[in-house]
Structure formats: C-alpha cells, structure tokens
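> output the structure for:
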Amino acid sequence: MAYIERSISSYVQKAQQNFKAVLITGARQTGKSTLLKQLFPERKYVTFDDPFIEDQAVRNGNMFMTLNQPPVTFDEVQRVPNLFRYIKIECDARDQYGLYCLSGSQPFRLMQSVSESLSGRVSIVELSGLSLREIMGDSFTDPFLPTMDYVARRQKTAKKPDQIWRIIHRGSYPELYRNPDLDWQQFYAGYIKTYLERDVRELSAVQDLDVFRRFMVAVAARTGQMVNYSNIADEIGRDASTVRNWMSVLEASGIIYLLEPYTPSVLKRAIKTPKVYLRDTGLACYLTRWLTPETLAYGAMAGNMFETFVISEILKSYSNQGIDYRYLVSYYRGRDKKKILKDGEEKEVEGEIDFIIEENGILHPIEIKKNTSETAYAASTFQVLDKVKEKKRGMGAVISMCPAPGVLRENILELPVWYI
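Numbering: from 1, shown residues only. Alright, predicted model coming up:
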C-alpha cells in the first residue's frame, strides 16, 4: 500500500532541526507513527503500546533512557508521563537538536506533561486526518484565505474531485485511502470500540460506555450547530454537568472541535455559545447512520456535513503549516433578525457568519453553502463586522459546490470547496 505524502512533513523536518524534541499530537489513526517512520527511517523506534516496554519505562525510567539513547522516536508517549522528566534532563545535557521525536493520541494528557517538563525544548505539531489536498495529491501548502492573491496561487494546482460527497462520506483517516478495499463500516466500528475502551476509560471515569456511545451519536447529530448541553443531557438521560465533562473528553482526544463565537463588545447582541464540529466527517456519518454517499448528499444533514467538511479543511490548511489557528478563527451569530426566502416562504432568522478568519487585524468572513451557485445575499450578514472599528473587514467568500471561482460582489468571492 502506497504512502500518502503529508503536507505537514516539511514543517516537522524543520522543527526537528531547531528543537531538541518534536511532539506529534492528534486523534487515533491520523498517521502519526507512519509519518515519523517515513520521515526518520534511520531512527530507533520504540512504542509504548507494547505492555512490556511500557512497564520497563514506568518501573525504571533512568535505565530505560540509558538503553534508548537519542536520536530516538517514542510512540504513544502519553502512557509513560514519568519519562518526560528524563527527556528534559537529556535535552538539557546535550547541545544537539532533533534528539527526540514523540507522538501520542491524547493531546490533553500530553500537554500537561509537556508544559511541566519540556517547555521551550519541544515543538508541538498537530496532525489531522488527510486533507482534500493530500487525497488529491496536490502539493499546494498555503493556508486558506479568501483573497484574490490566494485564488491566483491556488488555481495553479487546484483539482476538482470526481465525487466530493464520496470523500466527505468516507472521511479523512489515512488507512481508508491506503487500503481502498477496507470496509467503511468495519473500520469505524473498530475505531469507536478502540476509542471507547482505551482513550475514554483513560481520560475519564466513565463507567457506562454504552451511554457514552449514545452521547457520541447525539453530538455527531449536532455537528455544525451551537452546543446545547441541557438538550444533549435530556436525550441521553444524564445531567448537563456530565455532558460538559464528556464534551471535554471528545475535545481532548481530537474527536470534536469547538468553534468559539466572535463577541467584541461593540456587537452587543452577539450570541456567546460555541459551535461543535466533528473533526472527521466519515465518523460523523457512521455515528448518525448515513451509510452511503448518495443518501448523505440528498439527506437532511447534507448542509451540516458539508459545513463540517469545509471548516475541517480550512483548519487543516493552517495546522499543516504549524500555525495555531485557535486564536485566528471564530463564527458570528447575533439576535438581530433578517428575512430570508426558504422553500418559497419568507422567514425571519438570526444573522450568522459561518466562519471568520482574522489576519493582521483584518476580518475575512466566510459563508458555507452546499449549493452549486449562490447570490451575494448569502453574505448579507458580513457587513455587521463593519461595526468593529478597531478591525477592518477584508474580502470575504461564499464556499460552495460552484464549478469555478467567481465574484459575487466587489469584496465577496464565490469559491469551490476544492479551492480550500
């Protein structure tokens, strides 16, 4: 099975030349181990998935480090948090860079250990599932931004996928593309079983995994929506406090992303509730029982799944360049009503901007629509950002299924999803 080239590779290679340790984090099955083996095949590779090796490292960390001198790769390192102090000692005692490559699938636990022991000595890299660029074999690496300069660069390599809904439905885990014959349902059934029995048990004192599974289904059914803890609690028969704790487990293990609202003081009617997105649309489809690309494309959740896919792709374009996007992106929803025409009827809805990217004090608003064409009215809420005097509203975009880039208005582009 062929290796799929990862966009983040060049950043990881640069990081190990400038830091004594590099830590690759991310959800299970995103390809962390494969990436490190591919980039640094000459290094000794040690995985703490092996119970014997884990026991050796836990019982006698000093001896273990003596037997495993750098340069070395330690995989699933969150299993041996005691080892971080020994790694710190080794980093401080040596002048070379690139001593340790570390990886692990529990970012929350890893961050605790890293902040305590390896601050200033380690470069932290987030590896997501495959991006559409990687699936299409596209070498373009610039982070997405809805500007004319970006579009001019992007169009040189952008490739239209034959069946975008098949990609959205299949998801982004590398193994599903390295092995096209791998059964989709079988893969995700095994993924959830492993996730529940290992990560969930280790990260939280969850006693009833069946209820937690129902909780995951409830969250997946709400991808692209504002979080309502009480509503989920009522559905699964638990209290809102438990739901909040379990939501943090999903976030800590890379299953979901919580998009924070844009709430400057001048926008007094802005809603302050985050929106939840599953990181992988394939997992979202499996949990909500959309079993084929065709039923998904024409189903009730098509809009939310398309939005989830688009936002995930944008975030990957930043994380694959080592950029921490958490303080760059947001969404807006306000209580001021606007009128729209839906299903032949005029309705009042709250004004919303699906996604906002901030760069150098400029706000770039983005609307996401699964249709093949849109009008400038889809971006009518963008002007609310003009009230934020300390920022400037830059060019925005409507991302859709349109066949080619276009201009809806002087400062509003319409872009195909494959231009991300």
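
> tell me how far the residue positioned nearest the centre of the chain lies from residue 254.
For the chain, the residue lying nearest the average C-alpha position, counting by CA atoms, centre = their mean, turns out to be residue 279 (4.7 Å). Distance of residue 279 to residue 254, computed by CB to CB, to the nearest Å: 6 Å. Yep, even glycine has a C-beta here, placed from its N, CA and C like the rest.

> and what of residue 132?
19 Å.

> residue 202 too?
14 Å.

> who has more neighbours, those two?
residue 254 (24 against 13; other CB atoms under 10 Å).

> in terms of pLDDT, where does that one sit?
pLDDT for residue 254: 90.

> identify the residues contacting residue 27.
Applying CB atoms under 8 Å, 6 or more residues apart in numbering, we find residue 27 in contact with 105, 128-129, 253-255, 279-280.

> next SSE downstream of the lowest-mean-pLDDT helix or strand in the chain?
Among the helices and strands of the chain, helix 107-117 carries the lowest confidence by mean pLDDT, DSSP states H and E, at a mean of 59. Once the chain leaves helix 107-117, the next helix or strand it forms, by DSSP states H and E, is strand 122-126.

> what's that next one packed up against?
With contacts taken as 3 or more CB pairs under 8 Å, 6 or more residues apart in numbering; DSSP states H and E, strand 122-126 sits against helix 9-18, strand 21-25, helix 107-117.

> the next helix-or-strand element following that strand - what's its average pLDDT?
Next helix or strand after strand 122-126 toward the C-terminus (DSSP H and E): helix 132-135. The pLDDT scores in helix 132-135 average 97.

> show me how far helix 132-135 is from its chain's centre.
What separates the centre of helix 132-135 from the centre of its chain is 14 Å, taken as CA atoms, centre = their mean, to the nearest Å.

> doesn't residue 288 make contact with residue 217?
Yes - counting by CB atoms under 8 Å, residue 217 touches residue 288, with 6.8 Å between them.

> of these two, who's got more company?
With neighbours defined as other CB under 10 Å, residue 217 and residue 288 compare such that residue 288 has more, 22 against 18.

> how far away is that one from residue 234?
For residue 288 relative to residue 234 (CB to CB), the value is 18 Å.

> grab the nearest non-local neighbour of the residue lying farthest from the centre of the chain.
Of all residues in the chain, residue 63 has its C-alpha farthest from the mean position, at 37.5 Å, by CA atoms, centre = their mean. Excluding its sequence neighbours, the residue lying closest to residue 63 (CB to CB, 6 or more residues apart in numbering) is residue 56, at 7.8 Å.

> after whatever helix or strand that neighbour lives in, next one along is what?
Per DSSP H and E, residue 56 falls inside helix 51-59. The C-terminal neighbour of helix 51-59 among helices and strands, as given by DSSP H and E, is helix 61-67.

> these two touch, right, residue 419 and residue 151?
Yes - between residue 419 and residue 151 there is a contact under CB under 8 Å: 6.8 Å.

> need the residues touching each of these two.
residue 405.

> mind checking which of these two has more residues around it?
Applying other CB under 10 Å to residue 419 and residue 151 shows that residue 419 carries more neighbours, namely 22 against 18.

> any idea how far that one is from residue 307?
Here the criterion is CB to CB. By it, residue 419 lies 16 Å from residue 307.

> residue boundaries of the strands in the stretch 151-300 of the chain?
Here the stretch 151-300 of the chain has its strands, by DSSP state E, counting those that start in this stretch, at 225-226, 256-259, 275-278.

> point out the most buried one among these.
Sort the strands of the stretch 151-300 of the chain by mean neighbour count, taking mean count of other CB atoms under 10 Å, and strand 275-278 sits at the top with a mean of 25.

> for that one, list the C-alpha coordinates in PDB.
Output in PDB follows, covering the C-alpha atoms of strand 275-278 (Å, rounded to 0.1, in the frame of the first residue of the first chain):
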ATOM      1  CA  LYS A 275     -20.500  25.600  17.800                       C
ATOM      2  CA  VAL A 276     -19.400  21.900  17.700                       C
ATOM      3  CA  TYR A 277     -17.900  20.200  14.700                       C
ATOM      4  CA  LEU A 278     -16.700  16.600  14.400                       C
END
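
> from the chain's centre, how far out does it sit?
In terms of CA atoms, centre = their mean, the centre of strand 275-278 is set 10 Å apart from its chain centre.

> can you check stretch 144-151 too?
Worked out by CA atoms, centre = their mean, stretch 144-151 lies 21 Å from the chain centre.

> can you give me the first-to-last residue distance of it?
9 Å (CA to CA, to the nearest Å).

> what is the neighbour count of residue 197?
11.

> er, residue 48 I mean
20.

> swap in the one 3 residues further on?
Residue 51 is flanked by 9 other residues according to other CB under 10 Å.

> ok, residue 398 next?
27.

> quick check: which element contains it?
strand 396-400.

> packing partners of that strand?
So strand 396-400, by 3+ CB pairs under 8 Å, 6+ apart, packs with strand 362-368, strand 412-416.

> excluding chain neighbours, what is closest to residue 244?
residue 229 (5.6 Å).

> check contacts around the one you found.
By CB under 8 Å, 6+ apart, the neighbours of residue 229 are 240, 243-244, 247.

> kindly recompute the last result at 6 Å.
Shown in contact with residue 229 (CB atoms under 6 Å, 6 or more residues apart in numbering): 240, 243-244.

> of those, just say which sits nearest to residue 370.
For the contacts of residue 229, the residue nearest residue 370 by CB to CB is residue 243; the value is 28.9 Å.

> how close does the closest one get to residue 217?
13 Å.

> what of residue 87?
In terms of CB to CB, residue 87 sits 39 Å off from residue 217.

> now residue 237
Residue 237 is 13 Å from residue 217, by CB to CB.

> just residue 285 next, same as before
Taking CB to CB, one finds residue 285 at 12 Å from residue 217.

> now swap in residue 403 and tell me
Applying CB to CB to residue 403 and residue 217 gives a distance of 35 Å.

> do residue 355 as well
Counting by CB to CB, the gap from residue 355 to residue 217 is 25 Å.

> swap in residue 131?
Counting by CB to CB - residue 131 and residue 217 are separated by 26 Å.
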